[in-house]
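Novice: quick one: sequence and predicted model below, then my questions.
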Amino acid sequence: MQRSSVAAWTLPWCFEIKILDKFGNVKRTWSGKHVFNGIGSCGWPDFISRSDILDESQHILNSSGTLTVVVSIEVEEEPTTVFVPKNPFVNIILEMFNDETTADVCFEVVNISSADEKERQKAEPSVSFHAHRLILKKCAPILAALCGSNDTASITDMKPDTFHHLLFYVYGGKIPAEDLMTHAKDIIDAADKYSIVNLKL
C-alpha cells in the first residue's frame, strides 16, 4: 500500500497510520518521524498486502467493502530562538575611555628614562590620559585615590603605553594578546601595584 505525495512541509512531523478491521481493532500500524519536503513520495510497500485486505477471514473490510485507515499527524515544532538584544553599556563605557570632553580627572604619565638615547630624544616629556572619578572609584580605587581632590595626578613609575593598557582595561577594554605577551611583565607589575586584580590573572 503506497501513500501518495504530500504537500511541501519543512518541519519534522510525527505520524502514525493504522488500519482497522470492521470491529475497530487495529490490524496494522506504522509510526515514525519524517521531514516532508514535497519532493517525490514516501510509503511502505509491505505495509499490508492486497490479499490480506480482501481476506474475509480477517474482517478488514466492512459489509460495504470500506477500508478504514486512521492517520494521525503532529507537527514537532522546532524550538524558537529568543532574540536578546546586546546590552550596550560596556561599549558606552569603553567609548568614554580617554574622552577629554566628559572626563573630570587627568593623569600625566611621565616618560621614564630610556637606555636608548634616540628613544629618549623622541619621547614626549609626558602623556595625558583623561578619566572619570566614578569609574575609577569602582574599578581602580588606588588610581582614584591618587587624584584626591585634584584634577590631575602624575604617574612616574611606568611607561605611557603600559598605563594606556592599564586604563583601557579598567574601562572594559581587552589588551591585544600580542601586546600582553610582549609587555607582560610591565603590565602585570602595573596591575599588581594598582590592584587591577583581574588583569593579573
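Specialist: Arrived safely.

Novice: CA only for contacts and neighbour counts going forward, please
Specialist: Noted.

Novice: got the buried residues for the helix or strand where residue 92 lies?
Specialist: Following DSSP states H and E, one finds residue 92 within helix 89-95. Residues of helix 89-95 classed as buried by neighbour count (16 or more other Cα atoms under 10 Å): residue 94.

Novice: okay, residue 72: pLDDT?
Specialist: On the pLDDT scale, residue 72 is placed at 87.

Novice: try the one 10 residues further on
Specialist: The pLDDT attached to residue 82 in the predicted structure is 76.

Novice: next, count neighbours for it.
Specialist: 6 (other Cα atoms under 10 Å).

Novice: where does it sit: helix, strand or coil?
Specialist: Under DSSP: H, G, I helix; E, B strand; the rest coil, residue 82 falls in the coil class.

Novice: distance check, it against residue 185.
Specialist: According to Cα to Cα, to the nearest Å, residue 82 stands 44 Å off from residue 185.

Novice: least confident secondary structure element in the protein?
Specialist: Lowest mean confidence among the helices and strands of the chain (mean pLDDT, DSSP states H and E): helix 117-122, at a mean of 53.

Novice: I'd like the next helix or strand past that helix.
Specialist: strand 126-131.

Novice: may I have the strands that pair with that next one, each with its orientation?
Specialist: The strands that strand 126-131 pairs with in its sheet are strand 105-110 (antiparallel) (by DSSP bridges).

Novice: which residues are contacting the strand it pairs with?
Specialist: For strand 105-110, the external contacting residues (Cα atoms under 8 Å, 6 or more residues apart in numbering) are 125-133, 147, 150-156, 158-160, 163.

Novice: drop anything exposed from those residues.
Specialist: 126-133, 147, 152-153, 155, 158-160, 163.

Novice: check what pLDDT residue 114 gets.
Specialist: 49.

Novice: close enough to count as contact, residue 28 and residue 49?
Specialist: No - contact between residue 28 and residue 49 fails when scored by Cα atoms under 8 Å: they sit 10.6 Å apart.

Novice: distance between stretch 87-101 and the chain's centre?
Specialist: Averaging C-alpha positions (Cα atoms, centre = their mean, to the nearest Å) puts stretch 87-101 22 Å from its chain's average.

Novice: oh, and call the first residue 33 from now on, that's how I've got it
Specialist: All right, first residue 33 from here; so that's stretch 119-133.

Novice: from one end of that stretch to the other, what's the distance?
Specialist: Stretch 119-133 end-to-end distance (Cα to Cα) = 24 Å.

Novice: what sits against the residue lying closest to residue 141 once chain neighbours are set aside?
Specialist: Closest residue to residue 141 apart from its sequence neighbours, by Cα to Cα, 6 or more residues apart in numbering: residue 187 at 4.6 Å. Each residue near residue 187 by Cα under 8 Å, 6+ apart is listed here: 139-142.
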